[in-house]
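Colleague: The sequence and its predicted three-dimensional model are supplied below.
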Amino acid sequence: MDPILKAQIDIIQNEILPELASLVKEPARTHVQYLHFWLNSSRVGGFGEGSHLQKWLLKKYKAEKEQVEIEEGGKIPEYNDPGLPFVQSKPIDQIEPTIPPVVFQLDDGEVAQLCECLSKFFPPDQHSTLEQLFKGLVVNNPLHFKGRQNRLSDLFARLEFSRKISGEKTEISNWVSHAFCCLDSSGTLKPVNADSVRQGFTRNHPKKEDRLCVFEWLPPLPHSRNRAK
């Protein structure tokens, strides 16, 4: 299966459907708001117009929208309208899709060092979210990394090797693919590929001068130190 399609199916099966199931006792309007948020999120936008995920969400949104209009009367805006004219029955911060945290073993000084080093690779309006992420807090929507994916993969491989992040390599790789997106060769913003991140633990390392944030507490991987300059 195409990895991009698989990533979209995983989001539907592992994130959206379980969350909708948890909202089963909530009013139908809450379901519409939840789907509206997803349709306008950067995670969906990163897959491009007409993606499998967008089509699935749009079909679901229209069905839920029609149900609300029948039950309550009136018209609900289309999915690309910036807002919905009803009050949430559940606070939005409880129903937005979120990126579950992994466990970091970083002190405040190390977090500050990382964020300062990485700041030029992320939009200014995401700098505070980046800090939250390294502090292990839940964040909404992936961060836009403005660099080559293997540099990011190498960074997290080194964090794992230095015992600054806990978890199985597969678990960490999947988390990175949810937490970050980057531009592909065609200039399209897409989620970081989890398989590529996994490969970064053993190979496909960047050149010495391209390594991110090399500190005394975050050295290069031993098997990557002989990488050609």
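Modeller: Perfect, thanks for sending it. Numbering: from 1, shown residues only.
Colleague: Just the buried positions in the helix or strand in which residue 129 is found, please.
Modeller: Taking DSSP states H and E as the definition, one finds residue 129 inside helix 127-134. Going by neighbour count (16 or more other Cβ atoms under 10 Å), the buried part of helix 127-134 is 129, 130, 131, 133, 134. (C-beta placed from N, C-alpha, C; glycine too.)
Colleague: Does the following helix or strand past it pack against any helices or strands, and if so which?
Modeller: Using DSSP H and E, the helix or strand that follows helix 127-134 towards the C-terminus is strand 143-144. Packing partners of strand 143-144 (3 or more Cβ pairs under 8 Å, 6 or more residues apart in numbering; DSSP states H and E): helix 127-134, strand 180-183.
Colleague: For the next helix-or-strand element following the shortest one, enumerate the helices and strands it packs against.
Modeller: Under the assignment DSSP H and E, the closest C-terminal helix or strand after strand 180-183 is strand 189-191. Strand 189-191 is packed against helix 42-45, strand 180-183, with contacts defined by 3+ Cβ pairs under 8 Å, 6+ apart.
Colleague: partners of strand 189-191, with directions?
Modeller: The pairing partners recorded for strand 189-191 under DSSP bridges are strand 180-183 (antiparallel).
Colleague: What lies in contact with the partner strand?
Modeller: 42-43, 46, 142-149, 152, 189-192 (Cβ atoms under 8 Å, 6 or more residues apart in numbering).
Colleague: Nearest to residue 6 among those residues?
Modeller: Proximity to residue 6 was ranked across those by Cβ to Cβ; first place goes to residue 191, at 11.1 Å.
Colleague: The closest one touches residue 45, doesn't it?
Modeller: No - contact between residue 191 and residue 45 fails when scored by Cβ atoms under 8 Å: they sit 11.0 Å apart.
Colleague: More neighbours: which of the two?
Modeller: Neighbours were counted for residue 191 and for residue 45 using other Cβ atoms under 10 Å; residue 191 has more, 22 against 16.
Colleague: From residue 114, how far off is the more buried one?
Modeller: Look at residue 191 and residue 114: by Cβ to Cβ, to the nearest Å, they are 21 Å apart.
Colleague: repeat for residue 24
Modeller: To residue 114, residue 24 is 40 Å away according to Cβ to Cβ.
Colleague: Which of the two has more residues huddled nearby?
Modeller: Taking neighbours as other Cβ under 10 Å, residue 24 and residue 114 compare with residue 114 leading, 23 against 7.
Colleague: circling back: deepest in the core, which of the helices and strands packed on strand 189-191 is it.
Modeller: Greatest average neighbour count among the helices and strands packed on strand 189-191 goes to strand 180-183 (a mean of 21), per mean count of other Cβ atoms under 10 Å.
Colleague: mind exporting that one as PDB, just the C-alpha atoms?
Modeller: Output of strand 180-183 as PDB, limited to C-alpha atoms (Å, rounded to 0.1, in the frame of the first residue of the first chain):
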ATOM      1  CA  PHE A 180       6.100  17.100  12.300                       C
ATOM      2  CA  CYS A 181       5.500  17.700   8.700                       C
ATOM      3  CA  CYS A 182       7.900  19.000   6.000                       C
ATOM      4  CA  LEU A 183       8.000  19.800   2.300                       C
END
